[in-house]
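> What shape does this take:
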Amino acid sequence: MERIQRFFESQAYGVCTKLGEKLNLSASSIRLFFIYASFITFGSPLLIYLGLAYVINFRKHLRRRQNPVWYN
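Now for the predicted structure:
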């Protein structure tokens, strides 16, 4: 069961994990919120999730450009 969970966490952008770290909540409770909210609102939290995934990925690329190895 843990192998399956780690696989999905690594393939799903890490949005719930990152939000859990920022808000000091467990990632599984945030995942359940997204799942239940998606059923109740017919999928609109999916847009929020994808937007957050884009922001996290964009920030990751910005950090790579500011690598201090290239500056002496």
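
> and the residue nearest to residue 27 when sequence neighbours are not counted, what is it in contact with?
Closest residue to residue 27 apart from its sequence neighbours, by C-beta to C-beta, 6 or more residues apart in numbering: residue 20 at 4.0 Å. C-beta here means a position set from N, CA and C on the backbone, and glycine is covered the same way. Residue 20 makes contact with 26, 27, 29, 30 under the criterion C-beta atoms under 8 Å, 6 or more residues apart in numbering.

> May I see the ChimeraX selection of the buried members of the residues you listed?
Selecting only the buried entries of the contacts of residue 20 in ChimeraX, with 16 or more other C-beta atoms under 10 Å as the criterion:
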select :27,30
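
> Which members of the contacts of residue 20 occur in helices, if any?
Of the contacts of residue 20, the ones assigned to helices by DSSP state H are 27, 29, 30.

> For this protein, which segments count as strands?
Taking DSSP state E, the chain contains no strands at all.

> Which helix runs longest in it?
helix 44-65.

> Residues contacting it, please?
By C-beta under 8 Å, 6+ apart, helix 44-65 touches 13, 14, 15, 18, 19, 34, 37, 38.

> Now do it: distance to the chain's middle.
8 Å (C-alpha atoms, centre = their mean, to the nearest Å).

> try stretch 36-52
For stretch 36-52 - counting by C-alpha atoms, centre = their mean - the centre lies 13 Å from the chain centre.

> for it, which positions count as buried?
For stretch 36-52, by 16+ other C-beta under 10 Å, it's 45, 49, 52.

> What pLDDT is listed against the residue positioned nearest the centre of the chain?
The centroid of the chain falls nearest to residue 15 when counting by C-alpha atoms, centre = their mean (0.8 Å). pLDDT, residue 15: 82.

> same deal with residue 68?
pLDDT, residue 68: 60.

> same thing with residue 12?
66.

> again with residue 25
So residue 25 comes in at 90 (pLDDT).
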